[in-house]
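Engineer: Predicted coordinates and the sequence they were generated for:
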Amino acid sequence: MTDTILRMGGITKSFPGVKALQDVDLSVRRGEIHAICGENGAGKSTLMKVLSGVYPHGTYDGEIFFEGERCEFSAIRDSERLGIVIIHQELALCPQLSIAENIFLGNERASNGLVDWNRTNHEAAELLRRVGLQANPVTPVLDIGVGKQQLVEIAKALSKKVKLLILDEPTAALNDGDSAHLLDLLRGLKEEGVTSVIISHKLNEIAAIADTITILRDGRTIDTLDMKADNVTEDRIISGMVGRDLEHRFPPHEPNIGEEVFRIEDWTVHSPTQSGRVVVKEANLNLRRGEIVGLAGLMGAGRTELAMSVFGRSYGKDISGRLVKDGEEITVRSVQDAISHGIAYATEDRKRYGLNLIEDVQRNISAAGLDKLSRRGWVNENEEHRVAGEFRKSMNIKAPSVASITGKLSGGNQQKVVLSKWIFTDPDVLILDEPTRGIDVGAKYEIYSIINRLADEGKAVLVISSELPELLGLCDRIYALSGGRITGEVTRAEATQEGLMRYMTREQE
Amino acid sequence: MTTAPTETPVPTQPPEDRAPRRISFNPRQSGIYVAFALIVVLFTILTGGSLLEPQNISNIIVQNSYVLILAIGMILIIIAGHIDLSAGSVVAVTGAISAVLMVNMHVPWPLALLITLVVGAVIGAWQGYWIAYFGIPAFIVTLAGMLVFRALTLTVLGNQGIGPFPDPIRTLSNGFTDGYLGNIALGPLGGADLVSLLVGVLAVAGIAFSQWRKRAARLGYLQEVDLLPLFLLKIGGSGVVVLAVVVQLARFKNLPWVLVLLTALVLAYTLVTTRAVFGRHIYAVGGNLQAATLSGVKVKQVTFWIFVNMGVLAALAGVIFAGRLNQAGPTAGNAFELDAIAAAFIGGAAVQGGVGKVVGAITGGLIMAVINNGMSLIGAPSERVMLVKGLVLLAAVAYDIWTKRRTSNLRS
């Protein structure tokens, strides 16, 4: 067990404005299960993309040795040839194709240029047996659940004679049964000599399965620990991941909370795609002036779905319940309605849903509040320029000018553009979905300061976040959501990570 | 107009209070105009100057007016991330309907024109409905429209041409402004129409005045503006070009009416795309549909109305084309949509949407027009013209993608 299969040394990877990885070392022994831990944005996924060749050699500094050989991958294909296979968080399967077709995609079982379907399906069935998936290989992938799709991905990796299997958050979207099965499978593969690297947030899983753990924080390697020899506990991992004391990560804030401004009553939302599935069930919550309220929940708890359904029914169908603003019930049928009632929603995925990346900063900032800059349908561009310039200053958006293309800014500055856009609509209620996702620590602090400032101006802010320390450090009150239900409500004084996690994992009756 | 007040900043002002000056040249946006100039120069040399003869300039404008009108509608659709393959067939069917109204039914021409434009709007609304509200890709809807409206053309015409058109329609598509004030002598250039020349001078003055006002307003808001010499050079350059064209036209038969119409359309649509909320929404929809939706843009309405608009412009082009031939024929408008699409993309529109300018599409259309005209002047066979046009389209888009790749590093 002293044989090192993979060694990455001194890996540094920069994006414009952010250093995602700084001098990171990783060494993995043959036949072990190696966990990589770290907060969102610690650099785990970036590191794995460097390893697999998604970021080709030359775009990063440092070196990679696989089975003793120096590697310079210029594409995923190169790393796969050596037996390094990465399974991404978002599965890369073609839903219309069958399981067998997906397994051998790009690696078809063919003779003389024609696909040998008998061999394809036969070998697929063989692989499915190895991963413990009871399904017909000709079934289209869209007809099987996410947990099984994950197994298909692993079968696909096995078909490529995988030596090092990298799984990015493999259980994030799985239920407990599927997760347990997956972990068993990894143990089985270990027996067969497959080395696995698993990126996970779920510390109990890591404790159960990993032999070694490497902790990343802010793009640096903090620790590599042998789970048994070092007698690693979850607390030990957490302190490595978090590191900084909360005091300095969050700007000080003295809340000044007023009367209730917004209330959601008996809010129920059904899935637009799976008929009959309830995504949010009888949710009740309220926001007061000057208050920062958190909404905690694991993936799939329905946080974004709740927010988007409130924001002009941008998600879901068969929505029932009441919205009360300033003591009066309001009807919000569209995004326009929501904006005119003083509700704003900044999405969790700013690139896909929040910004027009090919457009400049000025036009992104004005996008939701163009009415305020126009008369009879004509925009006053000079006024628009002035407003954008003011936001650039007050929000400290680091861009050469307001005419800069938004897609070229760093994540933190893009987020400030999104916030500026919504602040310009002058809302009373701001819903911020993962406001600090994928941005560096310094910019996070600035975003927190902005949120505090908004609360001081008397606005109510609802913050949705996957990072519990963020909610604890920022919010005056926190709701926990699990399985579409509000399972708990705690004030800042009584909130702890452990307590919230208990609410967030509470099964519905 | 001799001194701009902000050109001499008060020394005590902090530097921030003075608008920055710049020398702006964006290769991605300006490349098209440079290319146009080079192509004009090239064909002027190849044709021994015939390209810029008074009558030829007039011909280029009159013969391409309908494609340029279509290009205006097309660029809006392409900015929004859609496409319209039916434009040529809509040109045909609206031309046919106007012919039936004016020739067969003797409806007075202004009313007939109005009805035709309304029919165009209805056609656009039909396609816009399927695209915006039903969610069928524009490619499919307008491909179907291409067949359907060609079929309707044949039905309406009964498989034969209908004509001749009333004089006012023919004047609109083929005719020229009258010499209300007579001619004046321009020395060696001979006689030229005074009204046309006055219009030209007024146009240049208008350009200079509006640009100056825009610059002054930007300065008032402390925004970046061009250095004064560069600004004057740009104004002077465009003034010389406009005047040169007008002088040549005045020496021939005065101003073609379609040029007047086209100029009005270009001005109006430039204003809409750059200054109107509606125009902004078109860019927002094409740039990021989801972000536009979540910013409160009425995405479906925007899509619907740009197709209605396209229908109206196609109807206008249909009447002008039929009027020019003095007959509505079953093959009218064949492949016009492809010329309009090519014009938009040569003019700098992006295939993914969100990018493009009305003036760019017009310039793209003129590039193709000059190639067409210049090559036929030097007696090149039509297959070679087609070959060159195809390669120019490819080169233009390749250049666009190349400059984009070179200058941008959008984060993945």
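Structural biologist: Yes, it's here.
Engineer: quick one: residue A:385 and residue B:220 touch, right?
Structural biologist: No: counting by CB atoms under 8 Å, residue A:385 stays clear of residue B:220, with 10.8 Å between them. Where you see a C-beta, it was placed from the backbone N, CA and C, and this is true even at glycine.
Engineer: Counting neighbours, go ahead and name the busier of these two.
Structural biologist: Neighbours per residue, other CB atoms under 10 Å in any protein chain shown: of residue A:385 and residue B:220, the larger number sits with residue A:385, 21 against 11.
Engineer: got the residue ranges for the helices in the stretch 101-250 of chain B?
Structural biologist: Ranges of helices in the stretch 101-250 of chain B, per DSSP state H, counting those that start in this stretch, are B:109-128, B:138-157, B:167-174, B:194-220, B:228-252.
Engineer: what angle separates the third one from helix B:109-128?
Structural biologist: In this case it means helix B:167-174. 60 degrees (axes from the mean of the first three to the mean of the last three CA atoms, to 10 degrees).
Engineer: Going by neighbour count, which residues in helix B:167-174 are buried?
Structural biologist: Within helix B:167-174, the residues scored as buried using 16 or more other CB atoms under 10 Å in any protein chain shown are B:168, B:169, B:170, B:171, B:172, B:173, B:174.
Engineer: Adding distance to residue A:184 and mean pLDDT, write the helices of the stretch 101-250 of chain B out as TSV.
Structural biologist: Shown next, in TSV, are the helices of the stretch 101-250 of chain B (distance: least, CB to CB, whole Å; pLDDT from 0 to 100):
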stretch	distance to residue A:184	mean pLDDT
helix B:109-128	55	97
helix B:138-157	48	96
helix B:167-174	78	89
helix B:194-220	67	87
helix B:228-252	71	87
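Engineer: part of a helix, is residue B:293?
Structural biologist: Yes: residue assignment for residue B:293, taken from DSSP: H, G, I helix; E, B strand; the rest coil, places it within a helix.
Engineer: correct me, but it touches residue B:299?
Structural biologist: Yes: assessed by CB under 8 Å, residue B:293 is found in contact with residue B:299 at 5.2 Å.
Engineer: Does the host helix or strand of residue B:391 reach chain A?
Structural biologist: Element membership for residue B:391, per DSSP states H and E: helix B:382-407. No: against chain A, helix B:382-407 shows no contacts by CB under 8 Å from any CB of the partner chain, the least distance being 9.3 Å.
Engineer: tell me how far that helix is from the chain's mean position?
Structural biologist: 19 Å (CA atoms, centre = their mean, to the nearest Å).
Engineer: what's it packed up against?
Structural biologist: Helix B:382-407 sits against helix B:27-46, helix B:336-346, helix B:358-377, with contacts defined as 3 or more CB pairs under 8 Å, 6 or more residues apart in numbering or on different chains; DSSP states H and E.
Engineer: among those helices, which is nearest residue A:278?
Structural biologist: helix B:336-346 (46.7 Å; CB to CB).
Engineer: which residue does the stretch 251-400 of chain B bring closest to chain A?
Structural biologist: Here the residue of the stretch 251-400 of chain B nearest chain A is residue B:287; by CB to the nearest CB that distance is 3.6 Å.
Engineer: pLDDT at that residue, what is it?
Structural biologist: Here the pLDDT value assigned to residue B:287 is 92.
Engineer: what do you get for residue A:228?
Structural biologist: 81.
Engineer: Count the neighbours of it for me.
Structural biologist: Neighbours of residue A:228 (other CB under 10 Å): 9.
Engineer: With adjacent residues omitted, what lies nearest to it?
Structural biologist: With CB to CB, 6 or more residues apart in numbering or on different chains as the criterion, residue A:228 has its nearest non-adjacent residue at 7.5 Å, and that residue is residue A:211.
Engineer: show me where pLDDT drops low in the stretch 351-500 of chain A?
Structural biologist: For the stretch 351-500 of chain A, the stretches with pLDDT under 70 are A:440-441.
Engineer: all strands of it, in order?
Structural biologist: Assignment of strands within the stretch 351-500 of chain A using DSSP state E, counting those that start in this stretch yields the ranges A:374-375, A:378-379, A:429-433, A:460-465, A:477-482, A:485-491.
Engineer: ok, back up a step: so who does the residue of the stretch 251-400 of chain B closest to chain A touch?
Structural biologist: A:356, A:357, A:358, A:359, B:353, B:354, B:355 (CB atoms under 8 Å, 6 or more residues apart in numbering or on different chains).
Engineer: Regarding the last one, what is its secondary structure?
Structural biologist: What three-state DSSP gives for residue B:355 is coil.
Engineer: pLDDT value on the residue nearest to it when sequence neighbours are not counted, please?
Structural biologist: Excluding the flanking residues, the one nearest residue B:355 by CB to CB, 6+ apart is residue B:349, at 6.1 Å. Looking at residue B:349, its pLDDT stands at 91.
Engineer: Name all residues that make contact with residue B:349.
Structural biologist: Residue B:349 makes contacts with B:75, B:78, B:79, B:355, B:356, B:360, B:361, as judged by CB under 8 Å, 6+ apart.
Engineer: Just the pLDDT at the third one, thanks.
Structural biologist: Residue B:79 is assigned a predicted lDDT (pLDDT) of 96.
Engineer: Ok, residue A:125 next?
Structural biologist: 92.
Engineer: ok, so what distance separates it from residue A:138?
Structural biologist: 10 Å (CB to CB, to the nearest Å).
Engineer: Looking at the contacts of residue B:287, which is nearest residue B:179?
Structural biologist: Using CB to CB, these come closest to residue B:179 at residue B:355, 42.8 Å.
Engineer: mind listing what residue A:474 touches?
Structural biologist: Here residue A:474 is in contact with A:250, A:253, A:292, A:294, A:448, A:451, A:452, A:463 (CB under 8 Å, 6+ apart).
Engineer: try 6 Å
Structural biologist: Taking CB atoms under 6 Å, 6 or more residues apart in numbering or on different chains, we find residue A:474 in contact with A:292, A:448.
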